[in-house]
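Engineer: I'd like to go over a predicted model; first the sequence, then the structure.
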Amino acid sequence: MLHRKVFYKEHYIEVIYILLQDKDKVFNKDIVKYTKLSKPSVSVAVNNLVDEGYVYREFRSIKLTEKGEKIGKELYSRHLYFYNFHKLQYQFVHFFATLAKISALVLKYMSRLGLAYSF
């Protein structure tokens, strides 16, 4: 079975937004490298984004229009929010798992000393 990565225009806009945070100029090859998609797929997608008014070409580089910038920023902010939320959830689970292990050790130690109550 072939695994095919599906990228929508929102993904491309977010990728371009992210790449533009680090460098002044983004080219198709940068998007290819970042997404690991084929050159023709990226080329077609970028041309569609140009036609729809999300990006424009400045010489050979790709820039976001005001509309594209707004969407890219919103998507990236949402992405970061969910990433941080997930990370926080993991930290809580890890904390409570550690707390449960410590509690079990304390109860085990207390029972050896005859200090534990049986429920």
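Structural biologist: Noted; the coordinates are in hand.
Engineer: The spatially most central residue of the chain: which element?
Structural biologist: Residue closest to the average C-alpha location in the chain (C-alpha atoms, centre = their mean): residue 79, at 5.2 Å. Using DSSP states H and E, residue 79 sits in helix 66-112.
Engineer: how much space is there between the residue nearest to the centre of the chain and residue 107?
Structural biologist: Separation of residue 79 from residue 107 (C-beta to C-beta, to the nearest Å) stands at 42 Å. C-beta: built from backbone N, CA, C; applies to glycine.
Engineer: tell me what the worst-scoring helix or strand of the chain on mean pLDDT is packed against?
Structural biologist: Counting by mean pLDDT, DSSP states H and E, the chain has its least confident helix or strand at helix 66-112, which shows a mean of 83. Other helices and strands packing on helix 66-112, by 3 or more C-beta pairs under 8 Å, 6 or more residues apart in numbering; DSSP states H and E, are helix 9-22.
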